[in-house]
Structure formats: structure tokens, C-alpha cells
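Enquirer: Sharing a sequence plus its predicted fold:
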Amino acid sequence: MPELQLSLDILTLLFITGLVAGMVDAIAGGGGLIALPVLLATGLPPIQALATNKLQGSFGTFSSSLYFIHNGLVSLKEIRFMVGCTFVGSALGTLTVQNISTDYLASIIPLLMIAIALYFLLSPRISDEQHPARISSLLFSLSIGFGIGFYDGFFGPGAGSFFAIGFVSLLGYGLTKATAHTKILNLTSNIASLCFFAISGYVVWSIGLTMGIGQLIGARIGARLVLRRGANLVRPMIVIVSILISIKLFLSNHPELLQWSGLPG
């Protein structure tokens, strides 16, 4: 691929995009919804945009994860097997996406995202209160950790929301605790995916690092807001992000609707 010419204006846009995406992702997930269109707008092919998104997203998930760990919301020792399962799943998903089309997922995921939005909007379990777990941590690691890790490496949109709903509905976590643990698994998935994308030479480092600096700042801001506002902030944000992801994927899968409406693609 020829070297991209990055002007000061483009670098500034990338930095700001990373900052906003990092803040949103730390609160509700879905930062890729902001970052990926900008990456594609720079002229990157889809596979390189996805790879570079993993690089810049790793900075944000690292920043928010570190903040949650330092504030006692996550014990890495207790979730080490969960982290391992997520890493393996993401690595396999990343290897798979380089050889198989993701088109069929683009038609299914919008429906799942709407279901998630409705769950977070209507379920009485969505709060900062703890509830009894429905499955063991081991089973959660093997199913949700590995499964969503694979999905995140293979496709990605909404992975944070899928993790969050798993922690809340299956392990009984309060929403703030679920958000903190989600960031750890997001970081794990991003790093695993990034390693294999980098080995294959798909990562554009200049763009990813520029956005990553913004991600570091934005994710720290978002993580602080989560601790201060808790479920009152996270719950509506997840609903909004889930709906936006579903709309984005639906319109991408039906470009004729964009042409009919006159909206930009």
C-alpha cells in the first residue's frame, strides 16, 4: 500500500476522533462506530481500517482498564481465565476474518443490537445492584469470553455491549462493575487481534498511534464519568450506542436506502 500523506488537519481530525471514541467506548462501548468511518475516509481498505482500529482502540481500553483496576472495580487474579479465553477467541476470529466475508453478520447484528437496547432500556435488573449469578465464572469464560472474543476479532461492532449484557444478565454484576470488567476483556480482545493483524502487515501505525493518543485521554475521561455517575450514565449510553450501531450496519447493508434518503454514505 502506498504511504498515506497525513497533513496537520488530518492528524488533528484523527486525534479528536480518537479522543471522542475513547470517551464513548469507556462508558458504553461502540467507539469503533466513531473511529471506523474516519479510518475508511482516509482511504484505507476495510481490512487495514479494521486492523488500525484495533491499534487505536487498544490505547483507549488500556487507559480505562488501568483506571478501573486502580479504583478496585476489577481483580485481574479473579478473571485471569476469562482473559485467557477471550484472548484465544479473538485471535481465532482475527485469523478467520482475513479469509471469510463478514457480510452475513452485517445483516444479523443490527437485530441483536436492537434487542440489547431494549433489554437495557426495560429490564429491572439494569442497575448498580448485584444479583445472584446464573452461571459459573468458568462457564462464562468458556462461552461468553471465548465467543464474544471471537466475534470481536472477526467483526467487532457491539462487542462491548455483548460483554456488558453477559456480565449483568449471567453473572449478576451491577452495571458499573460490568462496564469495568467489559473494558478488561475489550483490551484483551484488541491486543490479541492487533498482534495477528500486525503480523500480517495490515496495521497503519502512523494513523493508529495518532488516534491512540486521543484514545488515552478520552478513555480516562469516560472511565471517571462511569465511576461518578454509574448506571444513570451507562444505561442510556448503551441504549443509544446500540441503536446507532444497528442503524449504521443496517444502512451499510442497504445502500439503496441511503440513496433514497439523500444521506451521505
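Expert: On my side now, so go ahead.
Enquirer: What is the burial count for the closest residue to Gly145 other than its chain neighbours?
Expert: Spatially, and ignoring its direct neighbours in sequence, Gly145 is nearest to Cys85 (3.8 Å; CB to CB, 6 or more residues apart in numbering). (Glycine included, C-beta is placed from N, CA and C.) When counting by other CB atoms under 10 Å, one arrives at 25 neighbours for Cys85.
Enquirer: cool, and Arg224?
Expert: Neighbours of Arg224 using other CB under 10 Å come to 15.
Enquirer: Would you mind measuring from it to Ile184?
Expert: Between Arg224 and Ile184 the computed distance is 17 Å (CB to CB, to the nearest Å).
Enquirer: re the thing from before, so the residue nearest to Gly145 is in which element?
Expert: Here Cys85, judged by DSSP states H and E, is contained in helix 80-97.
Enquirer: And for that helix, what's in contact with it?
Expert: With contacts defined as CB atoms under 8 Å, 6 or more residues apart in numbering, helix 80-97 is touched by 47, 50, 76, 137-138, 140-142, 145-155, 184-185, 188-193, 195-197.
Enquirer: and it, which residues are buried?
Expert: 82-83, 85-95, 97 (16 or more other CB atoms under 10 Å).
Enquirer: Can you lay out those as CSV showing distance to Gly30 and pLDDT?
Expert: Shown next, in CSV, are the buried residues of helix 80-97 (distance: CB to CB, whole Å; pLDDT from 0 to 100):
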residue, distance to Gly30, pLDDT
Met82, 21, 97
Val83, 22, 97
Cys85, 23, 98
Thr86, 18, 98
Phe87, 22, 97
Val88, 24, 97
Gly89, 20, 97
Ser90, 17, 95
Ala91, 23, 94
Leu92, 23, 94
Gly93, 18, 90
Thr94, 20, 88
Leu95, 24, 88
Val97, 19, 79
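Enquirer: can you tell me how far Gly212 sits from Ala192?
Expert: Between Gly212 and Ala192 the computed distance is 17 Å (CB to CB).
Enquirer: Tell me which residues touch Gln215, please.
Expert: Contacts of Gln215 by CB under 8 Å, 6+ apart are 18-19, 21-22, 31, 56-57, 59-60, 63.
Enquirer: And Ile207, by the same measure?
Expert: Ile207 neighbours (CB under 8 Å, 6+ apart): 4, 6, 14, 39, 42, 44, 52, 56.
Enquirer: Could you identify the least confident member of those?
Expert: The lowest pLDDT within the contacts of Ile207 belongs to Leu4, which sits at 59.
Enquirer: Among the contacts of Gln215, show me the least confident.
Expert: Across the set of those, Gly31 stands lowest in pLDDT, at 83.
Enquirer: Among the contacts of Ile207, name the ones in helices.
Expert: Those of the contacts of Ile207 mapping onto helices are 14, 39, 52, 56, per DSSP state H.
Enquirer: Pull the number of nearby residues for the second one.
Expert: Spelled out, it's Leu39. Neighbour tally, Leu39, other CB under 10 Å: 24.
Enquirer: For it, give its distance to Trp205.
Expert: 13 Å.
Enquirer: now do Ala35
Expert: Applying CB to CB to Ala35 and Trp205 gives a distance of 15 Å.
Enquirer: Show me which of the two is the more surrounded one.
Expert: Under the neighbour definition other CB under 10 Å, Ala35 and Trp205 were set side by side, and Ala35 has more, 28 against 11.
Enquirer: what's the helix or strand for that one?
Expert: Using DSSP H and E, Ala35 sits in helix 31-41.
Enquirer: Which residues does that helix contact?
Expert: Contacts for helix 31-41 (CB under 8 Å, 6+ apart): 13-14, 17-18, 20-22, 24-25, 46, 49-50, 52-53, 56-57, 60, 156-157, 207, 211, 215, 241, 244-245, 248.
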